[in-house]
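# Sequence and predicted structure are below.
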Amino acid sequence: MNDAWVFPWGTKPSQNYTLVWYEVSGFREIEESMGINNLFTCVILQKDDEFIDHSYVLSLRESIDSYVLIVDEKREGDFVRRVLPKIECFFTEDVKLCSIEEVLS
């Protein structure tokens, strides 16, 4: 649990809040967590990094005609090269990638 605002969209709520996060360690746990809720927001960290030093923020949302994976990354293009190939097998439907810049514009 923490109150760090890591989302690149919206504004931090003015009232006190705490978010509950859980850590997965391995593909089996990723698959299980996506089975619980396939529309998700997650933070990807390098091992031993602090929460606020995350590498990516991902949010899978439903649009009118598809699913959209919103990606905020520290290094442009890094997600597509390093992460997407490892997780795209978990998506059962077509998913469109969308950068946070596209969402905010």
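Done, it's in.
# Tell me which residue lies nearest the centroid of this structure.
Most central in the chain under Cα atoms, centre = their mean is residue 58, positioned 1.8 Å from the mean C-alpha point.
# How about residue 63, nearest residue that isn't a chain neighbour?
Among residues not flanking residue 63 along the chain, residue 96 sits closest, at 7.8 Å (Cβ to Cβ, 6 or more residues apart in numbering). For every residue, glycine as well, the C-beta is placed using N, CA and C.
# typo on my end, it should be residue 67
According to Cβ to Cβ, 6+ apart, the nearest residue to residue 67 is residue 95 (4.7 Å).
# From residue 54, how far out is that neighbour?
According to Cβ to Cβ, to the nearest Å, residue 95 stands 21 Å off from residue 54.
# In this protein, where is pLDDT below threshold?
Within the chain, the ranges that satisfy pLDDT under 70 run 103-105.
# buried set for the lengthiest helix in the chain?
Looking across the chain with DSSP state H, the single longest helix is helix 27-36. Neighbour counts over helix 27-36 (16 or more other Cβ atoms under 10 Å) mark 30, 33-34 as buried.
# Cool, thanks, talk later.
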